[in-house]
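> Fold the stuff below for me.
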Amino acid sequence: MPAPDTYDAVIVGGGHNGLVAAAYLARAGQSVLVLERLGTTGGAAVSTHPFDGIDARLSRYSYLVSLLPQKIVRDLGLNFAVRKRTVSSYTPTVRDGRPTGLLVGPDTTRESFAALTGGEREYAAWQRFYGMTQQVAERVFPTLTEPLPSRDALRDRIGDADAWRMLFEEPIGVAVEENFADDLVRGVVLTDALIGTFADAHDPSLLQNRCFLYHVIGGGTGDWDVPVGGMGALTDALAQAARSAGAEIRVRHEATRIETDGTRAEVTVVSPDGEHRVAARRVLVNASPQALAALLGDEPPAPAEGAQLKVNMLLRRLPRLRDRSADPRQAFAGTFHIAEGYGQLADAYRDAAAGRLPTAPPSEIYCHSLTDPSILGPDLAARGYQTLTLFGLHTPARLFAADNEATRAALLKATLAELDAHLDEPIADCLAVDANGEPCIEAKTPLDLERDLRLPGGHIFHRDLAFPYATADTGRWGVETAHANVLLCGAGAVRGGGVSGVPGHNAAMAALGR
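Numbering: from 1, shown residues only. Reported below is the predicted structural model:
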């Protein structure tokens with residue numbers, strides 16, 4: 001058998017983090033090979049045409065950008081941009097028998113709080129609380145692309161004992177209840193602690209706190225922005241940056257085994273041409289910790305479990321709202337919260353923890369095309385078509401194990417019913433139809449994501465998030481493994497999760513000895 005080709009670095013997985021690592025290493029003059037199992041790069045950060053014969057390119061899985069540092073965009077010269085949403089969120093409710101809602105935006109928040117709660121208290125609490133999180137964001141976010149600070153160093157950097165206690169030491173439910181009195185306002189705050197995370201507000205593990213932290217520190221502001229051209233625009237730009245720097249990318253090439261002695265590694269690869277091997281000084285794995293263990297033949301980590309429903313829709317027009325004071329173009333431009341009052345979130349968690357689908361499934365929606373119509377073909381845009389992306393909470397993978405198809409259908413029906421409760425017309429009446437006459441709607445459960453993307457248990461973060469500081473087993477950058485020349489550059493690294501490129505950057509820095 002001929003000697004395998006040898007590279008400075010082989011990267012297993014062509015998702016966005018793998019492409020970030022490839023671009024950095026290639027720009028540093030290293031020979032780099034990226035191996036991607038699927039026919040295209042991008043992983044979960046892709047844009048596709050999910051509906052037959054319809055010229056709409058949707059961000060199929062991940063859909064908003066907050067955690068991507070501008071440093072990575074600048075360093076790699078990416079042709080990629082984001083746009084700010086005109087509204088942060090709208091949360092419909094019924095008060096005294098009257099449809100109303102809470103609208104959070106640059107010019108509307110104070111007035112909306114007063115109309116909802118009948119006074120200034122909740123608005124003042126909101127200002128104080130998010131003033132605190134913004135100060136934390138300004139101090140923590142820059143550390144994500146630096147070597148991991150110690151816990152004490154991060155606490156000193158934050159420099160606010162109350163903020164440290166609320167975010168890092170006691171369940172976030174304590175802070176929510178101490179600061180806010182209104183159930184709806186409490187729920188809006190709590191949602192950032194639950195997106196992609198199955199936990200109660202008072203979970204002693206603080207899993208919900210870790211999720212909350214990453215949702216409020218992005219960019220040093222906590223803003224969640226719309227990727228112009230869809231999420232695929234980012235990964236297309238990253239693939240171009242990697243190739244332009246000299247990296248080689250091979251799609252439909254699946255790594256099936258890694259053997260290493262700590263200084264040199266060999267990767268077994270299966271491709272349409274058969275099985276072969278490639279050698280490398282280092283291997284960077286842009287896959288889950290479970291996949292990494294399987295490749296190395298190591299003991300696998302604890303199982304992961306996702307807990308979300310992802311729904312993509314294309315509408316002929318936005319639906320009318322029961323709250324006639326709210327403009328649908330404004331309400332859907334930000335995050336449209338559904339069944340996410342504080343009590344509703346607790347009830348949904350209890351239902352799911354007991355093995356039942358939530359009676360009132362909580363979810364949130366946003367309309368990409370209101371901020372960035374470029375994802376629609378010119379004809380669709382001219383006719384007023386819009387996209388909707390729905391993300392459901394508290395639906396752990398275990399609920400779908402017995403019958404994924406039937407449970408998905410039941411959950412989708414119940415979720416849309418909760419949305420319809422706040423609309424003046426059923427959402428089904430607004431759906432576009434594809435070339436086959438079918439409604440333009442698709443739903444993905446955790447088991448669907450596990451099948452399609454090999455996310456363990458459908459967990460969008462690959463595993464439970466970790467606080468962004470060093471512990472006894474994290475290593476200098478949070479990407480190190482038990483093997484000196486094998487690094488984890490996927491979402492399961494410390495400071496992973498979300499579309500950030502941070503694990504890819506940090507694995508490249510570790511590989512370069514920086």
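> mind checking the SS state of the residue lying closest to residue 19 once chain neighbours are set aside?
Among residues not flanking residue 19 along the chain, residue 238 sits closest, at 3.8 Å (Cβ to Cβ, 6 or more residues apart in numbering). Every C-beta, even on glycine, is put in place using the N, C-alpha and C of the backbone. Three-state call for residue 238 (DSSP: H, G, I helix; E, B strand; the rest coil): helix.
> from memory residue 238 sits against residue 26, does it?
No - here residue 238 does not reach residue 26: they are 11.6 Å apart, not a contact under Cβ atoms under 8 Å.
> Looking at the two now, which is surrounded by more residues?
Between residue 238 and residue 26, residue 238 has the larger neighbour count (other Cβ atoms under 10 Å), namely 30 against 23.
> Contacts only, for the more buried one.
Each residue near residue 238 by Cβ atoms under 8 Å, 6 or more residues apart in numbering is listed here: 16, 19, 20, 23, 41, 76, 78, 501.
> try residue 387
Contact analysis of residue 387 by Cβ under 8 Å, 6+ apart lists 56, 58, 312, 313, 314, 315, 367, 368, 369, 375, 376.
> Now it: phi and psi?
Residue 387 adopts backbone torsions of phi -100, psi 150, taken as degrees, to the nearest 10.
> Which residue is the nearest non-sequential neighbour of it?
In space, and not counting its chain neighbours, residue 387 is closest to residue 369: 4.7 Å by Cβ to Cβ, 6+ apart.
> Which helix or strand contains residue 54?
Using DSSP states H and E, residue 54 maps to neither a helix nor a strand.
> just checking, residue 443 is part of a strand?
Yes - assigned with three-state DSSP, residue 443 falls within a strand.
> you'd agree it is up against residue 308?
No - contact criterion Cβ under 8 Å: residue 443 and residue 308 do not qualify, at 10.9 Å.
> Just want to know which of these two has more residues nearby.
Taking other Cβ under 10 Å, residue 443 and residue 308 do not tie; residue 308 has more neighbours (24 against 18).
> Pretty sure that one sits against residue 461.
No - counting by Cβ under 8 Å, residue 308 stays clear of residue 461, with 10.5 Å between them.
> just to revisit the earlier point, what is in contact with residue 238 and residue 26 at once?
The overlap between the contact sets of residue 238 and residue 26 (Cβ under 8 Å, 6+ apart) is empty.
> ok, and the closest non-adjacent residue to residue 309?
Counting by Cβ to Cβ, 6+ apart, residue 309 lies nearest to residue 392, which is 3.3 Å off, once chain neighbours are set aside.
> since we're on the one you found, how many residues are nearby?
By other Cβ under 10 Å, 26 other residues sit near residue 392.
> For it, list each beta-bridge partner.
Residues in a beta bridge with residue 392, per DSSP bridges, are residue 309, residue 363.
> Give me the pLDDT value at it.
pLDDT, residue 392: 98.
> give the contact list for it.
Listed by Cβ under 8 Å, 6+ apart, the contact set of residue 392 reads 308, 309, 310, 311, 361, 362, 363, 411, 415.
> give me that answer again for 10 Å
Residues in contact with residue 392 (Cβ atoms under 10 Å, 6 or more residues apart in numbering) are 307-311, 338-339, 348, 358, 361-365, 411-412, 414-415, 418, 443, 445.
> now swap in residue 130 and tell me
Applying Cβ under 10 Å, 6+ apart, we find residue 130 in contact with 88, 104, 137, 189, 216, 222.
> let's see it at 7 Å
Not one residue lies near residue 130 by Cβ atoms under 7 Å, 6 or more residues apart in numbering.
> Assign a three-state SS to it, would you?
Classification of residue 130 using three-state DSSP returns helix.
> all helices of the stretch 51-200 of the chain, in order?
70-75, 109-117, 121-140, 151-158, 161-164, 172-179, 183-191 (DSSP state H, counting those that start in this stretch).
> Select, out of the ones you listed, the one closest to residue 469.
Checking these against residue 469 by Cβ to Cβ gives helix 151-158 as the closest, at 4.6 Å.
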